[in-house]
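# got a predicted structure plus its sequence, pasted below:
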Amino acid sequence: MVCLMDTKKLMIVTNIPNQYRIPLFNALQKQLTEIGVELLVVFGAQSLHSRKSIVNLDHLGFSYHLLSSSNSSGKLIFYTGLSRLILKEKPDALIVGGFSIPAIKATILKLFIPFQFIIWTGSFESNRNSIPTIKKVLRKWLFKKADHWLAYSNSTKKYLLNCGVSEQKVKVIGNTVDTHFFSEETSKERDKVIQSDRKVLTYIGYLTARKDVAKILETAKALLELRSDFFLQIIGDGPEKSRLEQLVKTHGLSDVVSFEGFKQKEELPFYLAKTDAFLFQTSFDIWGLVLNEAMAASVLCFSSKFAGAAQDLIKDGINGYVVNFENANESARKIHAALEDEERCKRMAKKGAETIKEEYTLANCAKKMISILQ
């Protein structure tokens, strides 16, 4: 078995070049270079049909390999050619994302060449995300095969321990994005904002059934009974958009809700700068990186309790709020009470930004990832 201390080449296998992952890999490259470790990131495909983010590959400051995939426009990536590449590169350590096709291929290849097999996952136990039997069998097998685990959250760690993984094999590293960008760029945009009499609420994310943004509309309807001086901007696109637009009309919210469409990363600070409260609704998320973005931008956040990030990022009532948007009246009352105390909102938003700056920067996350190699 390869000793982690002897790692000279690290390979990471992930799905596509994502806006939120590239900065992390760049930070990882910088720190690995300092300790003499070579990094190679392998992408299963260049893009997926559901992704609208524009990614400039020139921004990749690390060595990478793009697998040729005949199904890059579909939902599933088969990572064609990955086994050959691993056999050719012979990495000392291999990190794969989740309980995936690369994880299966890596487990089989360990029979032929030695390397440390590390699974990077955010999965946790939830009665809102049923796991098919075949996936349960696969996971049970991988629990025994992986040498180490990189966990997004403490909830993930608890799940792994409950499944029999040794605590010594699990490292909680958090999950993050380019928080410096959202902090700096939103601050610049905030200087240009013209003050309004209306409070601005914001949602950013895909409009899918899993996100269930209808719950935010129900909260807005309940809030309208408490106050009328607010406006909700919904940023994003997806299959649920038409239904949500109809719900706005049904609930009589046309004067207080707007759909802004999908926005690239560079456009988001403009919207965050105007925001008094960020509403992150989801029926289930293993993390929810948009919460990192909003907190880094010094925006007061109300996060669904069903988001994995909420438990690790938010100290309820101190640097944000953890709510259940399924209870529209309760959520509306909490938002109303918070908006009534502008100074407290600012203090809590500042504490949220401090939490991100102190614990969830790219450098910190990269450092924790590397620690498993040392």
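That came through fine. Numbering: from 1, shown residues only.
# quick check: mean pLDDT of the helix or strand hosting residue 348?
Element membership of residue 348, judged by DSSP states H and E, is helix 342-359. On average, the pLDDT along helix 342-359 is 97.
# in the sheet, who's paired with residue 64?
Beta bridges link residue 64 to residue 41, judged by DSSP bridges.
# got the contact list for it?
17, 40-43 (Cβ atoms under 8 Å, 6 or more residues apart in numbering). The way it works is simple: take the backbone N, C-alpha and C, and place the C-beta from them, glycine included.
# if we use 10 Å, what do you get?
Applying Cβ atoms under 10 Å, 6 or more residues apart in numbering to residue 64 gives the contacts 12, 14, 17, 22, 25, 39-43, 57.
# for residue 62, same thing?
12, 22, 25-30, 32-33, 38-41.
# show me where the protein has helices.
22-34, 82-89, 101-109, 133-145, 154-162, 179-190, 214-224, 241-250, 268-273, 289-296, 308-313, 328-340, 342-359, 362-371 (DSSP state H).
# closest to residue 208 out of those?
Smallest distance to residue 208 across these (Cβ to Cβ): 9.7 Å, for helix 241-250.
# give me the helices and strands touching that closest one, please.
For helix 241-250, the elements it packs on are helix 214-224, strand 230-235, strand 257-261, judged by 3 or more Cβ pairs under 10 Å, 6 or more residues apart in numbering; DSSP states H and E.
# so the first one versus strand 230-235, what angle?
Note on geometry: by axes from the mean of the first three to the mean of the last three Cα atoms, to 10 degrees, helix 214-224 and strand 230-235 are set 170 degrees apart in direction.
# for the last one, same thing?
Strand 257-261 runs at 20 degrees relative to strand 230-235, counting by the same axes, to 10 degrees.
# what comes into contact with strand 257-261?
Strand 257-261 is contacted from outside by 52, 201-204, 207, 216-217, 220-221, 224, 230-237, 241, 244-245, 247-249, 251, 267, 271, using Cβ under 10 Å, 6+ apart.
# do that again at 7 Å, thanks
Residues outside strand 257-261 that contact it (Cβ atoms under 7 Å, 6 or more residues apart in numbering): 217, 220, 232-235, 237, 241, 245, 248.
# residues near residue 97, how many?
18 (other Cβ atoms under 10 Å).
# for residue 329, same thing?
Using other Cβ under 10 Å, residue 329 has 14 other residues around it.
# I figured it was touching residue 222, is that so?
Yes. If you go by Cβ atoms under 7 Å, residue 329 and residue 222 touch, sitting 5.0 Å apart.
# tell me the pLDDT at the residue lying closest to residue 38 once chain neighbours are set aside?
In this structure, residue 38 finds its nearest non-sequential neighbour in residue 9, 4.6 Å apart by Cβ to Cβ, 6 or more residues apart in numbering. At residue 9, the model reports a pLDDT of 97.
# from residue 373, how far off is residue 9?
Going from residue 9 to residue 373 by Cβ to Cβ, to the nearest Å gives 11 Å.
# who has more neighbours, these two?
Each of residue 9 and residue 373 has its neighbours counted (other Cβ under 10 Å); residue 373 has more, 20 against 16.
# so what touches stretch 120-138?
For stretch 120-138, the surrounding residues in contact (Cβ under 7 Å, 6+ apart) are 95-99, 149-153, 155-156, 158-159, 162, 175, 283-284, 286-287, 306, 308.
# weed out the non-buried ones from the contacts of residue 64.
Neighbour-count burial (16 or more other Cβ atoms under 10 Å) applied to the contacts of residue 64 gives 12, 14, 17, 22, 25, 39-43.
# surely residue 149 and residue 116 touch.
No. Using Cβ under 7 Å, residue 149 is not in contact with residue 116; the gap is 11.6 Å.
# how close does residue 243 get to residue 209?
When Cβ to Cβ is the yardstick, residue 243 and residue 209 sit 9 Å from each other.
# sorry, that was for residue 352
28 Å.
# between these two, who's got more neighbours?
Comparing residue 352 with residue 209 by neighbour count (other Cβ under 10 Å), the higher total belongs to residue 352, at 27 against 12.
# what sits against the more buried one?
Residue 352 is in contact with 295, 301, 319-320, counting by Cβ under 7 Å, 6+ apart.
# could you redo the last one with a cut-off of 10 Å?
278, 291-292, 294-301, 313-315, 318-320.
# for residue 298, see how far away it is.
7 Å.
# give me the number of residues near residue 238?
Residue 238 has 18 neighbours, counted by other Cβ under 10 Å.
# do the same with residue 168
Counted with other Cβ under 10 Å, residue 168 comes out at 7.
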